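1. Predicted model and sequence below, questions to follow.
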Amino acid sequence: MYQARSKETATKLQALENHEFEIYELIENSERKGISKTDIQKQIKLVQSLVESSLKNMQEQKLIKEVKPKTKKLYMLFDIKPHDESLSRLLYTNGEPDTFVVESLKSICYNFIYRRSFPRGMDEDAIFYPNYNGYVTLSKVVQCVQETKVTEIEIEEADIKQILDVLIFEGKIIKKFISNVDPNSMKTDDNRSDSQFVYIAKRARNINNAWTQAPCGRCPFFENECTENGEISPSTCIFFPQWLNKAINMIQNDEENEKGKDTLDW
């Protein structure tokens with residue numbers, strides 16, 4: 001595909017060696033997907049050292065750039081934004097997930113969203129009034145992260161959107177459509193502007209179920225040492241009968257209280 005070149009770029013290209021220009025054209029034709037050093041070597045059939053020196057020279061002249069997606073380094077023209085498949089350079093280092101950066105970004109994003117989701121200094125069930133407009137959009141979260149300077153790499157909305165998607169998947173936040181648009185509209189998230197959505201934190205709750213209340217659910221020996229015929233077993237447990245009797249007494253008391261409500265004192 002033909003692409004117009006600036007005068008500055010044309011001047012730089014004229015100074016390239018023939019093999020360097022061939023490499024440049026390969027990278028140019030890869031467009032937003034980029035091309036790996038291995039694929040360049042296969043197509044140009046040059047020795048590795050010559051390919052590496054050519055790539056280094058063109059990077060120094062800002063004709064091309066190196067991007068680091070999930071699996072391998074890719075090369076593309078300097079002024080081209082990577083294809084979606086080549087994103088996540090913020091979240092990966094040398095092809096491996098950067099756990100520190102990911103967890104730091106998750107923490108920063110969640111804490112910022114949480115602070116803007118619930119009133120301060122009130123009980124845990126307090127919420128904002130219906131027309132509250134302080135919930136944060138994607139751009140606000142990006143601005144917050146940029147101000148923290150958690151990484152030297154330039155942070156883009158696409159990077160933070162991935163982090164927010166992870167928080168949504170983990171059940172920590174929700175994404176809510178807030179624009180005054182017909183709710184029956186057939187538009188999808190992809191057709192709507194990011195400014196039409198806000199992110200709201202979900203409160204962490206300590207939920208006790210019947211299993212956690214039973215002694216077995218909290219017993220350190222239950223999983224590995226408690227067996228039917230062992231030294232520690234359900235039939236010889238001294239705590240289970242106590243808990244069961246207590247539960248039976250509570251049920252009986254509740255039943256008696258319910259009966260009392262149905263009788264009248266004359």
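-> Looks like it arrived, so ask away. Numbering: from 1, shown residues only.
2. tally of neighbours for Gln41?
-> 16 (other Cβ atoms under 10 Å). (Glycine included, C-beta is placed from N, CA and C.)
3. Helices of this protein, start to end?
-> For the chain, helices defined by DSSP state H occupy the ranges 7-14, 18-29, 37-44, 48-60, 99-115, 138-148, 157-169, 210-213, 215-218, 239-261.
4. looking at these, which has the lowest confidence?
-> Among the helices of the chain, helix 210-213 carries the lowest mean pLDDT, a mean of 53.
5. before we move on, back to that, of the helices of the chain, which approaches Ile178 most closely?
-> For the helices of the chain, the distance to Ile178 is smallest for helix 138-148, at 12.4 Å, taking Cβ to Cβ.
6. elements contacting the closest one?
-> Counting contacts by 3 or more Cβ pairs under 8 Å, 6 or more residues apart in numbering; DSSP states H and E, helix 138-148 is packed against helix 99-115, helix 157-169, strand 197-201.
7. Tell me what angle the second one forms with helix 99-115.
-> Think helix 157-169. 70 degrees (axes from the mean of the first three to the mean of the last three Cα atoms, to 10 degrees).
8. Now helix 157-169: buried residues?
-> Judged by neighbour count using 16 or more other Cβ atoms under 10 Å, the buried positions of helix 157-169 are Asp159, Ile160, Ile163, Leu164, Val166, Leu167.
9. Output the residues you listed as a markdown table; include the columns distance to Thr151.
-> Output for the buried residues of helix 157-169, formatted as a markdown table (distance: Cβ to Cβ, whole Å):
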| residue | distance to Thr151 |
| --- | --- |
| Asp159 | 9 |
| Ile160 | 12 |
| Ile163 | 12 |
| Leu164 | 17 |
| Val166 | 16 |
| Leu167 | 18 |
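10. Which one of these is nearest to Ser104?
-> Here the nearest of the buried residues of helix 157-169 to Ser104, counting by Cβ to Cβ, is Ile163; it sits at 9.9 Å.
11. can I assume that closest one is in contact with Ser107?
-> No - between Ile163 and Ser107 there is no contact under Cβ atoms under 8 Å: 10.0 Å.
12. Could you tell me the end-to-end distance of stretch 27-39?
-> Counting by Cα to Cα, to the nearest Å, you get 10 Å between the two ends of stretch 27-39.
13. what domains does the record give for the protein?
-> Recorded structural domains for the chain (assignment: automatic domain parsing) are 7-86, 92-201, 215-257.
14. want to try JSON lines for the helices of the chain, with distance to Leu74 as columns?
-> Output for the helices of the chain, formatted as JSON lines (distance: least, Cβ to Cβ, whole Å):
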{"stretch": "helix 7-14", "distance to Leu74": "20"}
{"stretch": "helix 18-29", "distance to Leu74": "9"}
{"stretch": "helix 37-44", "distance to Leu74": "9"}
{"stretch": "helix 48-60", "distance to Leu74": "11"}
{"stretch": "helix 99-115", "distance to Leu74": "20"}
{"stretch": "helix 138-148", "distance to Leu74": "24"}
{"stretch": "helix 157-169", "distance to Leu74": "16"}
{"stretch": "helix 210-213", "distance to Leu74": "49"}
{"stretch": "helix 215-218", "distance to Leu74": "51"}
{"stretch": "helix 239-261", "distance to Leu74": "61"}
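15. between the ones you listed, which gets nearest to Ser195?
-> helix 138-148 (6.9 Å).
16. Distance of Val166 relative to Thr38?
-> 31 Å (Cβ to Cβ, to the nearest Å).
17. Ok, Leu105 next?
-> Going from Leu105 to Thr38 by Cβ to Cβ gives 31 Å.
18. And the two? Which one has more around it.
-> Neighbour count, other Cβ under 10 Å: between Leu105 and Thr38, Leu105 has more, with 26 against 12.
19. I am finished for the moment; much appreciated.
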